[in-house]
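**Q** For reference, the sequence and a predicted model appear below.
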Amino acid sequence: MTTTTLAALVPLLPFLGAVAGLLLGRTAPGFVRPLAVLPPLASLVLAALVAARQGGGRAIDAYTLLTPTGSVPVDLALYIDGFAALVAILVAFVATCVQIYSTGYLRDDPRYPSYAALVSLFTSAMLLVVYSGDLIVLLVGWEVMGICSYFLVGHYWGTPEARAASLKAFLVTKLGDVPFLIGLFALGTDAGSFRITRVLGAVASGGLDHPTLIALLLLAGVAGKSAQFPLHTWLPDAMAGPTPVSALIHAATMVAAGVYFVARLLPVFEASAAAMTVLAVMAAVTMLGSGLAALAQDDIKRVLAYSTIGQLGYMTGALAVGDRGAAVFHLLAHGAFKALLFLAAGAVIHAAGTNSLAAMSRMGHLRDRVPDAFWTMTVALLALAAIPPFSGFFSKESVLGAAERLATGHPGPAPGAAGWIVLVAALATALLTAAYATRLWLLAFRGRGAEAPEHGRQPLTMTVVLWVLAVPSLAFGALAYRTLPGWFDGGSLTPTLLTSILGTGLAVVGGLLAYGAWQRAAARAPRVPLGAVAAHPEGDAGLVEAEAIAAHEPAYGDIAEAPDPADPGRLLLGPLYGPAAAGFHLDAVYSALFVRPVLGAASLVRFLDREVVDTYVRGAAALPRLLGAAVRRAQTGNVQTYVSALLAGTVVLTVAVLLVASGA
């Protein structure tokens, strides 16, 4: 079988699994779980074979005309270089882990068949984005992911939080997709083709007439899809969906698509120094803002959501300094440990049994209750905090090293100011990341909350997946930084001494500050007894989460404000704690700037339509209506009246004729 055929099967198999799962979900429920797990597993094997044959060498480029358009044709094309080959393995690997984990996590969920089918379709769409060699075909996968996220985030549609979160995710990402679509058409028109190879060739020959405009339009879509400032507000609310969905979105699909898109078309952005500077500023604001917000969240999943936003900021920062190898390296490492963090959080939520979805202030005595989640989550948090020798250290240091090289005068495709912006923000974020990772670990596993009832052991499928993901979270970075340059552009990914010392030192300081603040807060605040906690059926993790969302104690959107006098985040942030917990009130700002004016304009239009247009229409019809009423009064139905009127009319006409004749 040719490599092209194998590559075509990689996105096709999950799509066929999704279709079969939807068709057989009701008639043959016994096939649902095999159809959920086997297609992404087969795609993983095929993606590994494709990567082995590609080997980091010459890109696989195959295409056939999909449809003639009369101007710029659309091709069904594959373009698989080292970046695409490795990212496809990540997508298929995480999707397989999520599907296996979900067989236990959602084993009693009545909507599991549709859930599993949508996860497979989600996976297929992302793989299409990764392998596509044509921008229009890539756009198809891009948009299919958007609709899949809408349905999956709203899986618990019986709760208002899930409905609102799914709608918000859809609308915010679509807001970015409108300029993104315009940018794609402008790029194809300038380059004369939607084929990625021809677009890159046009860039190399200076064939783009409007590089800055095109790059900025495309960045709007990237900001929406990858949850970067200012279109990041949908991602924390999307935690209302099932935890495995969060793992898939944050680790391998959706948010990774924007970063991958910029990496694949990086020369387009490098053609505009202004666009690279905007990208650097966007990354810096995203990193710092998300780090502060994560330090103030009480919900464990919202902490991880803001963490994802910040880590994506690292990736876009690497792209802003022109090093897509460092960006994709961090994308691969982050995919493993972030999937592990979310799936371990699902086990913690199940064990905690809290009414408030995943409030860390209400967790207690969990280290011995979920030892597998404790140890694997500890590994993932160390990787997140970039502590050597965990994978996050090597990938994050590659980003810091790239920024440091540009900032210190090494030639690059971006202005030196972009390097300084990314470097300073990334170092500050390293401190914040270690602080909120330490805070999460302390509150979740050494918290003061009441001990929840025992819910039984975690399903084996959940536990096995946690340990499988722990392996790359621990070992991937040390192995990859030596071998990945051959798959990428050949640039070095080896950690540099200066940034390694600075980054690790700041991470250690951040962890120690969080630990010291936690000890001080715990000494000052007595143990707060909690009320009754919910008891749930043994092993029914998905329903535990659904019931937890429905309980609204506190409401899901207000969990960040749950008071906890022993929260180290309060001591560390001081007066910033309230604004950071509320995401710096960006939703309120957007409501004031956009939502209320639009609603006001709609109210004005409704008033004008009702009071002005309708009044004119009613007035225009009034005279005919009055005349009709007068004529209608004459229609009595009495024949004698009609004859009398006829005679009277005849007399009047006769008199009038005689008068006219006499005058003549």
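**A** Structure received. Residues are numbered from 1 along each chain as shown.
**Q** Can you list the low-confidence ranges for the stretch 151-300 of the chain?
**A** Counting by pLDDT under 70, the stretch 151-300 of the chain has no low-confidence residues at all.
**Q** mind listing the helices in it by residue range?
**A** Counting by DSSP state H, counting those that start in this stretch, residue ranges of the helices within the stretch 151-300 of the chain are 160-191, 196-204, 211-225, 234-237, 243-251, 255-264, 266-270, 273-294, 300-320.
**Q** just the stretch 551-664 of the chain next, same as before
**A** If you assign secondary structure with DSSP H, counting those that start in this stretch, the helices in the stretch 551-664 of the chain sit at 568-573, 577-581, 586-590, 596-608, 614-634, 639-663.
**Q** State the distance from the closest residue to residue 211 other than its chain neighbours to residue 216.
**A** Counting by CB to CB, 6 or more residues apart in numbering, the nearest residue to residue 211 once its immediate chain neighbours are dropped is residue 271, at 3.8 Å. C-betas here are computed from N, CA, C, even on glycine. The span separating residue 271 from residue 216 equals 12 Å under the rule CB to CB, to the nearest Å.
**Q** next one: stretch 145-163 to chain centre, how far?
**A** A distance of 12 Å separates the centroid of the chain from that of stretch 145-163, by CA atoms, centre = their mean, to the nearest Å.
**Q** Same question for stretch 606-626.
**A** Centre-to-centre, stretch 606-626 and its host chain are 48 Å apart (CA atoms, centre = their mean).
**Q** got the CA coordinates for that stretch in PDB?
**A** What follows is the C-alpha trace of stretch 606-626 in PDB, where atoms were taken according to Å, rounded to 0.1, in the frame of the first residue of the first chain:
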ATOM      1  CA  ARG A 606     -37.700  47.400  16.600                       C
ATOM      2  CA  PHE A 607     -39.100  50.700  17.900                       C
ATOM      3  CA  LEU A 608     -38.700  52.400  14.400                       C
ATOM      4  CA  ASP A 609     -40.300  49.400  12.700                       C
ATOM      5  CA  ARG A 610     -43.200  49.400  15.200                       C
ATOM      6  CA  GLU A 611     -43.800  53.100  15.700                       C
ATOM      7  CA  VAL A 612     -42.700  54.700  12.400                       C
ATOM      8  CA  VAL A 613     -42.900  52.100   9.600                       C
ATOM      9  CA  ASP A 614     -46.000  50.400  11.000                       C
ATOM     10  CA  THR A 615     -47.700  53.800  11.600                       C
ATOM     11  CA  TYR A 616     -47.000  54.900   8.000                       C
ATOM     12  CA  VAL A 617     -48.400  51.600   6.700                       C
ATOM     13  CA  ARG A 618     -51.400  51.900   8.900                       C
ATOM     14  CA  GLY A 619     -52.000  55.500   7.800                       C
ATOM     15  CA  ALA A 620     -51.700  54.700   4.200                       C
ATOM     16  CA  ALA A 621     -54.400  52.100   4.600                       C
ATOM     17  CA  ALA A 622     -56.700  54.300   6.700                       C
ATOM     18  CA  LEU A 623     -58.300  56.400   3.800                       C
ATOM     19  CA  PRO A 624     -59.200  53.400   1.700                       C
ATOM     20  CA  ARG A 625     -60.600  51.700   4.800                       C
ATOM     21  CA  LEU A 626     -62.800  54.800   5.600                       C
END
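**Q** tell me the average confidence for it?
**A** Over the span of stretch 606-626, the pLDDT mean works out to 82.
**Q** Next: stretch 53-65.
**A** In this model, stretch 53-65 has a mean pLDDT of 89.
**Q** what's in contact with it?
**A** 3-4, 6-7, 50, 73-82, 85, 133-134, 195, 197, 486-488 (CB atoms under 8 Å, 6 or more residues apart in numbering).
**Q** show me the contacts for the residue most central in space within the chain.
**A** Central residue of the chain (CA atoms, centre = their mean): residue 255, 4.5 Å from the mean position. The neighbours of residue 255, taking CB under 8 Å, 6+ apart as the test, are 225, 226, 227, 235, 249, 308, 312.
**Q** Then residue 39?
**A** Per CB under 8 Å, 6+ apart, neighbours of residue 39: 13, 14, 16, 17, 18, 120.
**Q** Centre of the chain to the helix or strand harbouring the last one, how far?
**A** Using DSSP states H and E, residue 120 sits within helix 112-131. Here helix 112-131 shows a centroid-to-chain-centroid distance of 15 Å under the convention CA atoms, centre = their mean.
**Q** what helices or strands is that helix leaning on?
**A** In terms of contacts (3 or more CB pairs under 8 Å, 6 or more residues apart in numbering; DSSP states H and E), helix 112-131 is packed against helix 3-24, helix 32-54, strand 74-80, helix 82-105, helix 135-153, helix 243-251, helix 255-264.
**Q** Can you check what angle separates the fifth one from strand 74-80?
**A** Computed by axes from the mean of the first three to the mean of the last three CA atoms, to 10 degrees, the angle separating helix 135-153 from strand 74-80 equals 80 degrees.
**Q** Next: the second one.
**A** Our comparison of helix 32-54 with strand 74-80, counting by the same axes, to 10 degrees, yields an angle of 70 degrees.
**Q** Next: the fourth one.
**A** Interaxial angle, helix 82-105 versus strand 74-80 (the same axes, to 10 degrees): 90 degrees.
**Q** What's the separation between residue 340 and residue 375?
**A** From residue 340 over to residue 375 the distance is 11 Å, taken as CB to CB.
**Q** more neighbours, the two?
**A** Using other CB atoms under 10 Å as the criterion, residue 340 and residue 375 rank with residue 340 on top: 32 against 15.
**Q** Just after the helix or strand where that one lies, pick out the following helix or strand.
**A** Residue 340 is part of helix 324-352 when elements are defined by DSSP H and E. Following helix 324-352 in sequence order, the next helix or strand is helix 371-384 (DSSP H and E).
**Q** Pull the contacting residues for residue 244.
**A** Taking CB under 8 Å, 6+ apart as the contact definition, residue 244 lies against 98, 101, 102, 105, 106, 119, 342, 343, 346.
**Q** in stretch 63-77, what counts as buried?
**A** Using 16 or more other CB atoms under 10 Å as the burial criterion, the residues of stretch 63-77 that qualify are 63, 72, 73, 74, 75, 76, 77.
**Q** Among these, which one sits closest to residue 139?
**A** For the buried residues of stretch 63-77, the closest approach to residue 139 (CB to CB) belongs to residue 74, at 10.0 Å.
**Q** Give the bridge partners for that closest one, please.
**A** Taking DSSP bridges, one obtains residue 67 as the residues bridged to residue 74.
**Q** State the distance from residue 160 to residue 445.
**A** Relative to residue 445, residue 160 is positioned 31 Å away (CB to CB).
**Q** which of the two has more neighbours?
**A** Looking at residue 160 and residue 445 with other CB under 10 Å, you find the greater number of neighbours at residue 445, namely 21 against 15.
**Q** Do I have it right that that one meets residue 374?
**A** Yes: with contact defined as CB atoms under 8 Å, residue 445 counts as touching residue 374 (5.7 Å).
**Q** Give me the common contacts of the two.
**A** When CB under 8 Å, 6+ apart defines a contact, the residues bordering residue 445 and residue 374 alike are 366, 367.
**Q** where does this structure dip in pLDDT?
**A** Under the criterion of pLDDT under 70, the regions of the chain flagged as low confidence span 352-358, 364-365, 448-456, 525-566, 664.
**Q** What is the neighbour count of residue 475?
**A** Counted with other CB under 10 Å, residues neighbouring residue 475 total 14.
**Q** excluding its backbone neighbours, what's nearest it?
**A** Counting by CB to CB, 6+ apart, the nearest residue to residue 475 once its immediate chain neighbours are dropped is residue 391, at 7.1 Å.
**Q** Quick check: the gap between that neighbour and residue 215.
**A** 31 Å.
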